[in-house]
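Enquirer: okay, here's the prediction I keep looking at, along with the sequence it came from:
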Amino acid sequence: QLQLVESGGGLVQPGGSLRLSCVASGSAFNLYDIGWFRQPPGKEREGVGCTHGGGSIMIYGDSVKGRFTITRDNRRNTVYLQMDNLRPEDTAMYYCAALRGYCSRDETPYNYWGQGTQVTVSS
């Protein structure tokens, strides 16, 4: 089992940057694919991207490609979501999630979820 804790959210002006962290407790972290999701106010949760156990990544959605990236440090059981050039439409609760399997843009296969961290982009 894994427990996931996100941090790093906050209020940022448009054009700014934030780095979110997802720290896992539990064993065999490197065997889990870790996904990042977000849920804007009043909308459904959507996939942002995912990292495989070995560190390769996928970013979902044209709106975040080129601005968001994911890195992974298996020694620290941590996955990061680096978000640059933030826009007001990036405002959302951001979650990380884990699954034993292959990255999925759909949240259904993920077994473990963090509590989320709020990102607000506003001037």
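Expert: Good, I have the coordinates.

Enquirer: where in this structure is the helix or strand with the lowest mean pLDDT?
Expert: Lowest on mean pLDDT, DSSP states H and E among the helices and strands of the chain sits strand 57-59, with a mean of 90.

Enquirer: partner strands of that one, with direction?
Expert: With DSSP bridges as the test, strand 57-59 is paired with strand 46-51 (antiparallel).

Enquirer: just how off-centre is the partner strand within its chain?
Expert: 6 Å (CA atoms, centre = their mean, to the nearest Å).

Enquirer: who's in contact with it?
Expert: Strand 46-51 is contacted from outside by 33-40, 57-61, 64, 68-72, 79, 81, 94, 103-107, using CB atoms under 8 Å, 6 or more residues apart in numbering. C-betas here are computed from N, CA, C, even on glycine.

Enquirer: thinking again about what came up before, list the contacts of the least confident helix or strand of the chain.
Expert: Taking CB under 8 Å, 6+ apart as the rule, strand 57-59 contacts 48, 49, 50, 51, 65, 68, 69, 70, 71, 72, 103.

Enquirer: next one: the last one from residue 68, what distance?
Expert: Relative to residue 68, residue 103 is positioned 15 Å away (criterion: CB to CB, to the nearest Å).

Enquirer: settle it for me: which of the two has more neighbours?
Expert: Between residue 103 and residue 68, counted using other CB atoms under 10 Å, the more crowded position is residue 68 (23 against 20).

Enquirer: in contact with the residue most central in space within the chain, which residues?
Expert: By CA atoms, centre = their mean, the mean C-alpha position of the chain lies nearest to residue 36, the distance being 2.6 Å. The contact partners of residue 36, by CB under 8 Å, 6+ apart, come to 20, 22, 47-50, 70, 79, 81, 94-97.

Enquirer: partner strands of the host helix or strand of it, with direction?
Expert: Using DSSP states H and E, residue 36 falls within strand 33-39. Counting by DSSP bridges, the strands paired with strand 33-39 are strand 46-51 (antiparallel), strand 92-99 (antiparallel).

Enquirer: let me have those in TSV, extended by mean neighbour count, mean pLDDT and distance to residue 120.
Expert: Output for the strands paired with strand 33-39, formatted as TSV (neighbours: other CB atoms under 10 Å; pLDDT from 0 to 100; distance: least, CB to CB, whole Å):
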stretch	mean neighbour count	mean pLDDT	distance to residue 120
strand 46-51	22	96	16
strand 92-99	23	98	9
